[in-house]
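Undergrad: just need the structure, nothing else, for what follows:
(one chain, ligands or ions: 1)
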Amino acid sequence: MRLSAGVLLLAGSWLAYTQNQGRGPSNKLNKIAADLYEIEGDGGNVAVYITNEGVILVDDKFEYDFNDIVDKVKSVTSQPIKYVLNTHHHGDHTGSNAKFPPATEFISHVNARKNMIDGKMPGAPRVTFTQETAVFLGGKEVRARYFGRGHTNGDVMIYFPALKILHTGDLMAGTSPLIDYGGGGSLLEWSATLDEALKLDFDTVIPGHGPVAKKADLVAFRSNVDKLKNRVTGLLRQGTSKDDIAKVMTSEFGWMPGGLQMTRGFDRMLAELKR
Ligand SMILES: [Zn+2]
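TA: All right, here's what the predicted structure looks like:
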């Protein structure tokens with residue numbers, strides 16, 4: 001886990017997704033298309049794209065999920081896992097990186113790699129990019145694209161053009177945005193980031209956490225991001241106290257009351273929106 005306890009406390013619903021309950025892996029393999037599966041349960045959602053030259057994964061959950069991920073991939077193909085695209089640096093999406101054999105190549109945004117190095121996290125990718133990259137394997141194409149800041153400063157979305165499916169990473173997770181300011185996140189820029197992503201041609205969304213969704217759900221999530229931003233900005237303009245803003249956050253946006261007061265993230269969100 002790379003998120004501070006404070007950041008985690010920001011969003012109660014998000015806790016359930018990210019906490020290791022100490023029970024070991026509890027994941028389910030879901031078929032989304034003929035050659036695309038999703039592994040859902042612990043940590044972030046993993047995408048499994050099968051080609052006749054190898055498998056491309058998106059994210060790899062926690063370290064303790066490694067064997068389970070490999071077993072689930074083996075249950076649907078004999079092809080080796082050749083590439084892992086990390087959507088961002090958080091440990092519930094990169095936790096198994098260091099467990100893979102050296103032949104597996106890892107790719108992330110340059111900022112995500114930097115966040116991993118700065119946080120002394122194992123398994124930092126050897127290959128990075130700034131705007132867009134793609135993997136071509138077995139006649140199939142997967143694109144990784146950076147649309148701007150949001151959850152962190154290094155989130156990318158993974159696009160499967162032939163399937164019109166988009167893995168959003170934590171730029172969409174739960175119902176309300178969780179901003180990791182320590183990891184370069186920004187509530188102010190988040191909706192513009194999603195606007196760029198929404199220009200892509202896709203029908204199905206694999207969010208960072210939670211069940212597979214539709215493009216309309218990403219549109220709804222984007223409006224929740226805007227709602228949060230506009231509500232807090234409006235309260236700040238009225239001179240509302242921090243305590244009263246905190247009350248709105250818990251009553252209207254489901255943030256946890258205890259954690260809110262002590263988190264750095266809350267203060268940094270207010271500072272960002274005051275500008
Ligand atoms: Zn995350």
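
Undergrad: ok, whichever residue of the stretch 101-250 of the chain sits closest to the ion to Ala216 distance?
TA: Minimum separation of the stretch 101-250 of the chain from the ion (Cβ to the ion) falls at Asp170, amounting to 3.7 Å. C-beta coordinates here come from the backbone N, C-alpha and C atoms, glycine included. With the distance defined as Cβ to Cβ, to the nearest Å, Asp170 ends up 19 Å from Ala216.

Undergrad: more neighbours: these two, which one.
TA: Asp170 (28 against 10; other Cβ atoms under 10 Å).

Undergrad: element containing that one?
TA: Using DSSP states H and E, Asp170 sits in strand 165-173.

Undergrad: hang on, the earlier thing: ok, the residue of the stretch 101-250 of the chain closest to the ion - contacts?
TA: In this structure, Asp170 makes contact with Gly44, Thr87, His88, His90, His93, His151, Thr152, Asp155, Leu178, Gly208, His209, judged by Cβ atoms under 8 Å, 6 or more residues apart in numbering.

Undergrad: check Thr128 too.
TA: Ile107, Ser108, His109, Val110, Ala112, Arg113 are the contacts of Thr128 under Cβ under 8 Å, 6+ apart.

Undergrad: bridge partners for the second one, pull those for me.
TA: Counting by DSSP bridges, Ser108 forms beta bridges with Thr128.

Undergrad: right, and it touches His89 too?
TA: Yes. Ser108 sits in contact with His89 when judged by Cβ atoms under 8 Å, with a separation of 7.2 Å.

Undergrad: pull up the overlap in contacts between these two.
TA: Each of Met116, Gly154 lies in contact with both Ser108 and His89 under the rule Cβ under 8 Å, 6+ apart.

Undergrad: my guess is Glu38 is in a helix, correct?
TA: No. Counting by DSSP: H, G, I helix; E, B strand; the rest coil, Glu38 is not part of a helix but strand.

Undergrad: so how far is Asn45 from it?
TA: Per Cβ to Cβ, Glu38 is found 6 Å from Asn45.

Undergrad: next to the ion, which bits of the stretch 1-150 of the chain? Give me the list.
TA: For the stretch 1-150 of the chain, the residues in contact with the ion under the definition Cβ under 5 Å from the ion are His90.

Undergrad: would you map the strands across the chain?
TA: For the chain, the strands identified by DSSP state E occupy 28-33, 36-40, 46-51, 54-58, 81-85, 105-109, 127-129, 132-137, 140-146, 156-160, 165-173, 204-209, 213-214, in order along the chain.

Undergrad: could you tell me which strands sit next to the second one in the sheet, and their orientation?
TA: It stands for strand 36-40. Those paired with strand 36-40 in the sheet (DSSP bridges) are strand 28-33 (antiparallel), strand 46-51 (antiparallel).

Undergrad: most tightly surrounded among the ones you listed?
TA: For the strands paired with strand 36-40, average neighbour numbers computed from mean count of other Cβ atoms under 10 Å are highest in strand 46-51, which has a mean of 24.

Undergrad: which one is Pro80 nearest to, not counting chain neighbours?
TA: Beyond its immediate neighbours in the sequence, the residue positioned closest to Pro80 (Cβ to Cβ, 6 or more residues apart in numbering) is Gly54, lying 5.5 Å away.

Undergrad: check contacts around Asp60.
TA: The neighbourhood of Asp60, defined by Cβ under 8 Å, 6+ apart, consists of Val46, Phe66, Ile69, Val84, Asn86, His93, Thr94, Gly95, Ser96, Asn97, Phe100.

Undergrad: ok, the residues you listed vs the ion, which is closest?
TA: Distance ranking of the contacts of Asp60 against the ion, using Cβ to the ion, places His93 first at 6.1 Å.
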